[in-house]
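1. I would like the atomic coordinates for the input below:
(2 chains)
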Amino acid sequence: MIDPQLIRNDLDNVAQQLLKRGFKLDREQLIALEAARKRVQVETQALQSERNTRSKLIGKAKASGEDIAPLLAAVAELGDKLKAGEAQLAEIQSELNAILQGVPNIPHADVPEGESEDDNVELRRWGKPTSFDFEPKDHVDLGVALGGMDFETASKLTGSRFTVMSGPIARLHRALIQFMLDLHTREHGYTETYVPYMVNADSLRGTGQLPKFSEDLFKLEGEQEYYLIPTAEVPVTNIVRDVIIDADDMPRKFVCHTPCFRSEAGSYGKDTRGLIRQHQFEKVELVQIVKPQESNAALESLTSNAEQVLQQLGLPYRVVILCGGDVGFSAAKTYDLEVWLPGQQQYREISSCSNFESFQARRMQARWRNPGTNKPELVHTVNGSGLAVGRTLVALLENYQDAAGRVHIPAVLHPYMGGVTVIE
RNA sequence: GGAGAGGUGGCUGAGUGGUCGAAAGCGGCGGUCUUGAAAACCGUUGAGGGUUUGUAGCCCUCCCAGGGUUCGAAUCCCUGCCUCUCCGCCA
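-> Now for the predicted structure:
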């Protein structure tokens, strides 16, 4: 959520900045609602104050044995007025809140103009697109031929957009997870974390998936209103929901491997082949909870932590900054890491690293105690994939294939592969 | 799944209809003392929101959450959630 004070005091400027991402703020509606809120809130609080003072007088009178009947008569009609005022205020505030919950974050000044992913700006490249002296296969042909990937059986078990993996490819998939966790905990100072894979609606509201994007989520049947997590970002970031963190405990850096579940509603024709877009995939997620003045630097370091995975695996990639039209609802600024996929002859997203500034923190009431003011203030949250495991597997298979259809395992993964260096 | 107990400020814990945002202790912060520290002593110490030029003042809300009773609720009633103990079951 953006700061409601900005809506009150700087509405035109906020509306202007949101246009960068193609979001039109209904200013007339907000001005009217805000005026009503102020009027009703001031009135209602005055009534509450009056009730309080009168009730105290009644208490005192009763204690000293006076007749309280006239005092009671004087407050008689106060109750109804007060109830009406409170109800009206609650209604206005929930209406206002519903609107604010649906307003996206204000884009950071660095975010380039643009409407779609075509307008994202490439910042740098690492490595060169892998060249072959034969026609490279895509990961589906490789995986199926190697006997390690079975999409038909998965669709029998469940449906489309799932996979069954087996043998050395399943092991490689697991090896990637171990490698990433080890790298981020040993080299980058993150704390390994294990979390629930189902969360409640409060958590999803906290990170911004609800109320607007429920169609992207899998909701569980049953008495509890639980959802499967679409990313570890949700449970991990919500660790600090309703917490005031000591300044000494900042920054907090979490690394967490989880499966992720996404309904992929609205992407029916997209990436129907292979592992790229599944309803269930594994991800190693990096989350940092930082002081506001440190979030920009944190985004840079977190991004480079994710880049390290690609570099150590020897996978060519580029970094783009998302334009206003493509940056996600909750993010102020996002870098995407895109890995080179020979099977598609293009760069594809493998990690998305974002600074949410105080947007999620405000929804979560996640704060730290600023020693300067000694007051609780909102933290900033930063997160990114380090990396999406399924897509990393795709990239490895496609970039490390040879003419015979074998896949050579990069050296950093050898310790995790139990002696296997080639999958054939 | 069955039976019981309970959820109060950073922590322990008192409070069963009014003067309670809440005793007391611990912890934290500031000070006195001290060469310095400890001890002792004194003071201070929750969060959210409104109004406002205001980190001033005034006001509102919050004692798990949501409803209700009442002039007045931490305290009474209902519902939900969570925790603990015992029994059963179980990876």
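2. Excluding chain neighbours, give the residue nearest to the closest residue to RNA strand B within the stretch 301-424 of chain A in space.
-> Proximity of the stretch 301-424 of chain A to RNA strand B (C-beta to the nearest atom of the strand) peaks at residue A:376, 4.1 Å away. For the C-beta atoms, the positions are set from N, CA and C on the backbone; glycine is no exception. The shortest distance from residue A:376 to any non-neighbouring residue, by C-beta to C-beta, 6 or more residues apart in numbering, is to residue A:367 (4.1 Å).
3. can you tell if the helix ranked longest in chain A touches RNA strand B?
-> Counting by DSSP state H, the longest helix found in chain A is helix A:27-63. Yes: using C-beta under 7 Å from any atom of the strand as the criterion, contacts between helix A:27-63 and RNA strand B involve A:38, A:41-42, A:45-46, A:48-49, A:51-56, A:58-60, A:62-63.
4. that older thread, name whatever forms a beta bridge with the residue of the stretch 301-424 of chain A closest to RNA strand B.
-> For residue A:376, the beta-bridge partners are residue A:369 (DSSP bridges).
5. Could you give the number of residues near the residue nearest to residue A:376?
-> For residue A:367, the number of neighbouring residues by other C-beta atoms under 10 Å comes to 19.
6. Let me see the contact set for it.
-> A:243, A:244, A:245, A:361, A:376, A:377, A:378, A:379 (C-beta atoms under 8 Å, 6 or more residues apart in numbering).
7. pretty sure residue A:185 is touching residue A:192, no?
-> Yes: Residue A:185 is within contact range of residue A:192, at 5.2 Å (criterion: C-beta atoms under 8 Å).
8. Touching both of those two, which residues are there?
-> Overlap of the contact sets of residue A:185 and residue A:192 (by C-beta under 8 Å, 6+ apart) consists of residue A:255.
9. what about these two, which has more around it?
-> residue A:185 (15 against 12).
10. Please report the distance of that one from RNA strand B.
-> 24 Å (C-beta to the nearest atom of the strand, to the nearest Å).
11. Over to residue A:356: give its phi and psi.
-> phi -100, psi 0 (degrees, to the nearest 10).
12. Quick one: residues contacting the closest residue to residue A:78 other than its chain neighbours.
-> For residue A:78, ignoring the flanking residues on the chain, the nearest one in space by C-beta to C-beta, 6+ apart is residue A:51 at 5.7 Å. Counting by C-beta under 8 Å, 6+ apart, residue A:51 makes contact with A:75, A:78, A:79, A:82.
13. a markdown table for those residues, including neighbour count, pLDDT and distance to residue A:137?
-> Below are those laid out as a markdown table (neighbours: other C-beta atoms under 10 Å; pLDDT from 0 to 100; distance: C-beta to C-beta, whole Å):
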| residue | neighbour count | pLDDT | distance to residue A:137 |
| --- | --- | --- | --- |
| A:75 | 15 | 83 | 82 |
| A:78 | 15 | 85 | 79 |
| A:79 | 11 | 84 | 77 |
| A:82 | 18 | 91 | 73 |
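14. centre of the chain versus stretch A:412-424, how much separation?
-> Centroid separation for stretch A:412-424 versus its chain: 33 Å, with C-alpha atoms, centre = their mean, to the nearest Å.
15. per-domain residue ranges of chain A.
-> For chain A, automatic domain parsing gives the domain ranges A:26-101, A:117-423.
16. Go through those and pick out the most buried.
-> domain A:117-423 (a mean of 19; mean count of other C-beta atoms under 10 Å).
17. Now do the end-to-end distance for it.
-> One end of domain A:117-423 to the other measures 35 Å (C-alpha to C-alpha, to the nearest Å).
18. Quick check, residue A:267 in contact with residue A:276.
-> No: with contacts counted by C-beta under 8 Å, residue A:267 stays clear of residue A:276, the gap being 10.6 Å.
19. right, is the lowest-mean-pLDDT helix or strand in chain A up against RNA strand B?
-> Using mean pLDDT, DSSP states H and E, the weakest-scoring helix or strand in chain A turns out to be helix A:69-74, at a mean of 81. Yes: residues of helix A:69-74 contacting RNA strand B under C-beta under 7 Å from any atom of the strand: residue A:72.
20. CA atoms only: put that helix into CSV for me.
-> Only the C-alpha atoms of helix A:69-74 are listed here, as CSV (Å, rounded to 0.1, in the frame of the first residue of the first chain):
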residue,chain,number,x,y,z
ALA,A,69,-31.3,9.5,36.6
PRO,A,70,-30.9,13.0,35.2
LEU,A,71,-27.4,12.2,33.9
LEU,A,72,-28.7,9.0,32.2
ALA,A,73,-31.4,11.0,30.6
ALA,A,74,-28.9,13.4,29.2
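21. Could you pull up the mean pLDDT of stretch A:404-411?
-> Stretch A:404-411 shows an average pLDDT of 97 in the prediction.
22. List the contacts of residue A:247.
-> When contacts are counted by C-beta under 8 Å, 6+ apart, residue A:247 touches A:291, A:368, A:369, A:370, A:371.
23. can you list those in a markdown table and add distance to RNA strand B and pLDDT?
-> Formatted as a markdown table, these follow (distance: C-beta to the nearest atom of the strand, whole Å; pLDDT from 0 to 100):
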| residue | distance to RNA strand B | pLDDT |
| --- | --- | --- |
| A:291 | 16 | 93 |
| A:368 | 11 | 91 |
| A:369 | 7 | 87 |
| A:370 | 10 | 86 |
| A:371 | 9 | 83 |
